[in-house]
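Student: Give me the fold of what follows.
(one chain, ligands or ions: 2)
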Amino acid sequence: MSEPRTLRPRRSCLAVPGSNPRFLEKAKGLPADQVFLDLEDACAPLAKPEARKNIVAALNEGGWGDKIRVVRVNDLTTHWTYRDVVEVVEGAGPNLDCIMLPKVQSAAQVQWLDFTLTQIEKTMGFEVGRIGIEAQIENAKGLIEVDAIAQASPRVETIIFGPADFMASINMKSLVVGALHPDYPADPFHYILMKILMAARAYDKQAIDGPFLQIRDVDAFRDVAKRAAMLGFDGKWVLHPGQIDAANEIFAPSQEDYDHAELILDAYDYYTSEAGGKKGSAMLGDEMIDEASRKMALVIAGKGRAAGM
Ligand code: GLV
Ligand code: MG
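Tutor: Ligands and ions are numbered 1, 2, ... in the order given. As a prediction, the model looks like this:
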């Protein structure tokens, strides 16, 4: 396998319709870790050609700070995908970090995007291989192929759960995206999230949870986001500025957990050193710490450091 790409924090991934220049401008100043400028479901079919132009202009104008700049193209069952990719990447390749491919159903679809990006990069004289791929899992076929999708190209940076399309595709009997339902005593999304998370962790990708559509109910957003964060997901989509702070907080560790993780790392370093007695395990207060504790602490400390704690 090739070297994993350096993955930047994606606690909050803000959806911005490419057809709306006012929203594109506003998104530049919002505190999301990532923006994705949408050519797919947030753009009506007749608005897509204009949206491609808006997106190219917005990317080239700059002003995005250190946000990760992503464009979501249409999926490969439509006739729009190739023109989305060619127009956006030829027009704004150096000002773009990733292409998001929705409704991915096979490794071959990711490979199509990888080859197309390489051809455009070579033709245009852009750095080859810099632009990453975000793969959205939104139906049963995508989920059963997720391991192959995660390995399909070294460009893949994230595996994203698309709950709305997924619920529709498996005939789920609920209209509240991503939320628990009183008629089902457990979490109907647990298996799907875990399967995506395992593929992401096995191949060094980030795992991102999708949207929550009740945008005025930030408490309900927090409940859904916390469940994904506790499993180990790296971030979640936000559809409205009001969801951004909640996502940034929930996908970073609490200050208490972060401080404790740094303490475990310091203590472990000391006790395994010559001066600390070269111990394999030791006590930190009432807690026994060993190599596995160090790994757990490294995850929390890593998330905190990435969030600037
Ligand atoms: C996002 O694209 C979703 O379908 O949930
Ligand atoms: Mg979708």
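Student: so where's the chain shaky on pLDDT?
Tutor: Flagging of the chain using pLDDT under 70 yields the residue ranges 1-4, 6.
Student: all strands of it, in order?
Tutor: If you assign secondary structure with DSSP state E, the strands in the chain sit at 12-17, 34-38, 68-72, 98-101, 132-137, 156-161, 206-209, 235-238, 282-284, 287-289.
Student: Excluding chain neighbours, what is closest to the residue nearest to the spatial centre of the chain?
Tutor: Averaging the C-alpha coordinates of the chain gives a centre point, and the residue nearest to it by Cα atoms, centre = their mean is I208 (3.7 Å). Counting by Cβ to Cβ, 6 or more residues apart in numbering, the nearest residue to I208 once its immediate chain neighbours are dropped is I160, at 4.4 Å. Where C-beta positions appear, they are placed from N, C-alpha and C, glycine not excepted.
Student: what about that neighbour, how many neighbours?
Tutor: In terms of burial, I160 registers 30 neighbours under the definition other Cβ atoms under 10 Å.
Student: Do I have it right that it meets Q136?
Tutor: Yes: using Cβ atoms under 8 Å as the test, I160 is close enough to Q136 to be in contact (4.5 Å).
Student: what do these two both touch?
Tutor: By Cβ atoms under 8 Å, 6 or more residues apart in numbering, I160 and Q136 have these common neighbours: 100, 210.
Student: picking that back up, which residues touch the residue nearest to I208?
Tutor: Under the criterion of Cβ under 8 Å, 6+ apart, the contact partners of I160 comprise 100, 134-137, 208-210, 237.
Student: And it, how far from ligand 1?
Tutor: Taking Cβ to the nearest ligand atom, to the nearest Å as the measure, I160 and ligand 1 are separated by 8 Å.
Student: still on that earlier bit, what about the residue nearest to the centre of the chain, distance to C13?
Tutor: I208 is 6 Å from C13, where distance means Cβ to Cβ, to the nearest Å.
Student: Identify the contacts common to those two.
Tutor: With contacts defined as Cβ under 8 Å, 6+ apart, the residues adjacent to both I208 and C13 are 235-237.
Student: Dump these to a markdown table, plus distance to ligand 2 and neighbour count.
Tutor: A markdown table is the format used below for the shared contacts of I208 and C13 (distance: Cβ to the ion, whole Å; neighbours: other Cβ atoms under 10 Å):
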| residue | distance to ligand 2 | neighbour count |
| --- | --- | --- |
| G235 | 17 | 27 |
| K236 | 14 | 28 |
| W237 | 10 | 25 |
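Student: how close does K67 sit to L213?
Tutor: Distance, K67 to L213, by Cβ to Cβ: 23 Å.
Student: Repeat that for W80.
Tutor: For W80, the distance to L213 equals 23 Å [Cβ to Cβ].
Student: Likewise for E256?
Tutor: When distance is defined by Cβ to Cβ, E256 is 32 Å away from L213.
Student: Of those two, give the one with the bigger neighbour count.
Tutor: Set side by side, E256 and L213 show unequal neighbour counts under other Cβ under 10 Å, the larger going to L213 at 16 against 8.
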